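Chemist: Coordinates for the following, if possible.
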Amino acid sequence: MTNDIILLDFIFQLFVLLNPASSFPALVAAARKNQNIKFIAVSATVIAFLLAVVIIFAGPSLFSIYGISLDSFRIAGGLILLLLGIETVREQEDSNEHTQPEGTISIIASPLLTGPAVISFLTLKIYEYNQFIVLLNSFVAFALVGLIFFLFSVYFSKINTKLISLFSRILGLFLTAVAVEMIAKGIFGLIHSIS
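Modeler: The predicted structure follows:
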């Protein structure tokens, strides 16, 4: 593989948006209910990736159907990322009470993984790269998340919850920075198109 195919910055940004640490509380809650968190972790990752695949191939059509400009969507997506980043840094606690494994899988797959932020990011990237590049690098990012989930499910009883909280907040800071960059590009693009 060449650097033109595997885009490390793309993978890192998407990984930050996926923020696997934000899903750890749901996995911990499932483990306390004696649910199979390995199955939950793998299933949630696969479903989240399949949702991302749908976005990768359907995103451009949605733009034309609703008459949305790329710069407008970039600003809207950036605002969503900004709110998500701030929320992650503030670390609001959720009870994540789900009585069935299917409920935990659903909430992790979307919106915790493939939520509005990831949808916005992937839709914008389709216009920067071709769909194959976006799909391939998305797969790598989701595979990393799946690996982390699997390792977490194996060693979660030995993991310090404070480290999880710190990791999540650090990712939140990167997420906020990505959001500011997206908003700035969108505003610049709108101003340039008007002038």
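
Chemist: hey, let's count contacts and neighbours off CA atoms from now on
Modeler: OK.

Chemist: low-confidence ranges in the chain?
Modeler: Scanning the chain for pLDDT under 70 picks out 1-3, 88, 91-99, 161, 168.

Chemist: now do 50
Modeler: 1-2, 94-99 (pLDDT under 50).

Chemist: For it, just list every one of the helices.
Modeler: 8-18, 24-32, 37-66, 70-90, 101-107, 116-126, 131-155, 161-194 (DSSP state H).

Chemist: got TSV for those helices, with mean neighbour count too?
Modeler: Formatted as TSV, those follow (neighbours: other Cα atoms under 10 Å):
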stretch	mean neighbour count
helix 8-18	19
helix 24-32	20
helix 37-66	18
helix 70-90	20
helix 101-107	19
helix 116-126	21
helix 131-155	18
helix 161-194	17
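
Chemist: ok, Gly78 touching Val180?
Modeler: Yes: contact criterion Cα atoms under 8 Å: Gly78 and Val180 qualify, at 6.6 Å.

Chemist: Convert the C-alpha atoms of stretch 131-143 to CSV, please.
Modeler: Output of stretch 131-143 as CSV, limited to C-alpha atoms (Å, rounded to 0.1, in the frame of the first residue of the first chain):
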residue,chain,number,x,y,z
GLN,A,131,-15.2,6.3,-2.5
PHE,A,132,-12.7,3.5,-2.5
ILE,A,133,-10.2,5.5,-0.6
VAL,A,134,-12.8,6.6,1.9
LEU,A,135,-14.1,3.1,2.3
LEU,A,136,-10.6,1.5,2.7
ASN,A,137,-9.4,4.1,5.3
SER,A,138,-12.7,3.9,7.1
PHE,A,139,-12.3,0.2,7.4
VAL,A,140,-8.9,0.6,9.0
ALA,A,141,-10.3,3.1,11.5
PHE,A,142,-13.2,0.9,12.4
ALA,A,143,-10.9,-2.1,12.6
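
Chemist: Need the residues that contact that stretch.
Modeler: Under the contact criterion Cα atoms under 8 Å, 6 or more residues apart in numbering, stretch 131-143 has outside partners 5-7, 10-12, 14-15, 45, 49, 53, 56-57, 122, 125-126.

Chemist: and what of stretch 148-160?
Modeler: Pro20, Leu27, Val28, Ile37, Lys38, Ala41, Val42.

Chemist: let's see 10 Å
Modeler: With Cα atoms under 10 Å, 6 or more residues apart in numbering as the test, stretch 148-160 has contacts from 20-21, 23-24, 27-28, 31, 36-42, 44-45, 142-147.
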